[in-house]
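Enquirer: structure, please.
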Amino acid sequence: MSTEPKSDLPSPATTAPSLTEILDTHAKIETQVGEIYVTFAATFGHNLELRALWSAMALEEGGHAALLRAVNKGLLSGVFQVQSFLLPLEIIDSLSTRVAEYHRQAQGETSLDQALRITWELECSELDFMRELLTSSSNLSDLGFPTNVESKDKHLGRLREVIQQCATDEGLRREVRFLSVERSPW
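Expert: Numbers count the residues shown, from 1 in each chain. As a prediction, the model looks like this:
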């Protein structure tokens, strides 16, 4: 009998979740991010611009979750085709843990700077990578699902403007400014 402590982690042979498990977890994460944005919209609702920003972002996250659930059902029924892709369990676990922590923080006393920082970090997280991976390995665009990055750029541009206008956290403002300049074609 082994005296080694038992681990709750799966064995190395089972560390790659199925695509339907990845999509299910991803949909749950998107839903939780939407809940965070709803909380921020309510908390800072006295500022109409902030309320509108977070409300729109919450709706967008709900749309992402619904799309992922639809894809999952489509996969199970054979309507959608998705090439198998390898997504390490560590990425999903790390992102789930981080989003859960942000969700916990959002439920407590959150300053505007903290809310903007959380929003910025979520919008620049692996969620975008996971969506791109799904889109690039599937026939979603052929089926008419929205896959363009133009709306994401517009969305991030609006978030950058709000951070520059409302944040007092100079570190966040510099980070946003730096990334804005870095993405600029000039």
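
Enquirer: mind giving me the packing neighbours of the host helix or strand of Ala42?
Expert: Using DSSP states H and E, Ala42 sits in helix 19-43. Contacts defined by 3 or more Cβ pairs under 8 Å, 6 or more residues apart in numbering; DSSP states H and E place helix 19-43 against helix 48-77, helix 89-107, helix 112-123, helix 126-136. Just so you know, the C-beta spots here come from the backbone N, C-alpha and C atoms, and that holds for glycine as well.

Enquirer: run the last query once more with 7 Å
Expert: helix 48-77, helix 89-107, helix 112-123 (3 or more Cβ pairs under 7 Å, 6 or more residues apart in numbering; DSSP states H and E).

Enquirer: output the ones you listed in JSON lines; the columns should cover mean neighbour count.
Expert: Output for those, formatted as JSON lines (neighbours: other Cβ atoms under 10 Å):
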{"stretch": "helix 48-77", "mean neighbour count": "17"}
{"stretch": "helix 89-107", "mean neighbour count": "15"}
{"stretch": "helix 112-123", "mean neighbour count": "20"}
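
Enquirer: I'd like the ones you listed laid out as TSV, including mean pLDDT and distance to Glu35.
Expert: As requested, these are arranged in TSV below (pLDDT from 0 to 100; distance: least, Cβ to Cβ, whole Å):
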stretch	mean pLDDT	distance to Glu35
helix 48-77	88	8
helix 89-107	89	7
helix 112-123	94	12
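
Enquirer: to Gln164, which of the ones you listed lies closest?
Expert: The closest of the helices and strands packed on helix 19-43 to Gln164 is helix 112-123. By Cβ to Cβ, the value is 10.1 Å.

Enquirer: mind checking how far that closest one is from the chain centre?
Expert: Once both centres are worked out by Cα atoms, centre = their mean, to the nearest Å, helix 112-123 turns out to sit 12 Å from its chain's centre.

Enquirer: kindly export it (C-alpha atoms) in PDB.
Expert: Output of helix 112-123 as PDB, limited to C-alpha atoms (Å, rounded to 0.1, in the frame of the first residue of the first chain):
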ATOM      1  CA  LEU A 112     -13.500  51.400  -9.800                       C
ATOM      2  CA  ASP A 113      -9.800  50.900 -10.400                       C
ATOM      3  CA  GLN A 114     -10.100  47.300  -9.300                       C
ATOM      4  CA  ALA A 115     -13.100  46.700 -11.500                       C
ATOM      5  CA  LEU A 116     -11.400  48.200 -14.500                       C
ATOM      6  CA  ARG A 117      -8.200  46.200 -13.900                       C
ATOM      7  CA  ILE A 118     -10.300  43.000 -13.600                       C
ATOM      8  CA  THR A 119     -12.100  43.800 -16.800                       C
ATOM      9  CA  TRP A 120      -8.900  44.600 -18.700                       C
ATOM     10  CA  GLU A 121      -7.300  41.400 -17.500                       C
ATOM     11  CA  LEU A 122     -10.300  39.300 -18.500                       C
ATOM     12  CA  GLU A 123     -10.500  40.900 -21.900                       C
END
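
Enquirer: that's all I had, so thanks and see you.
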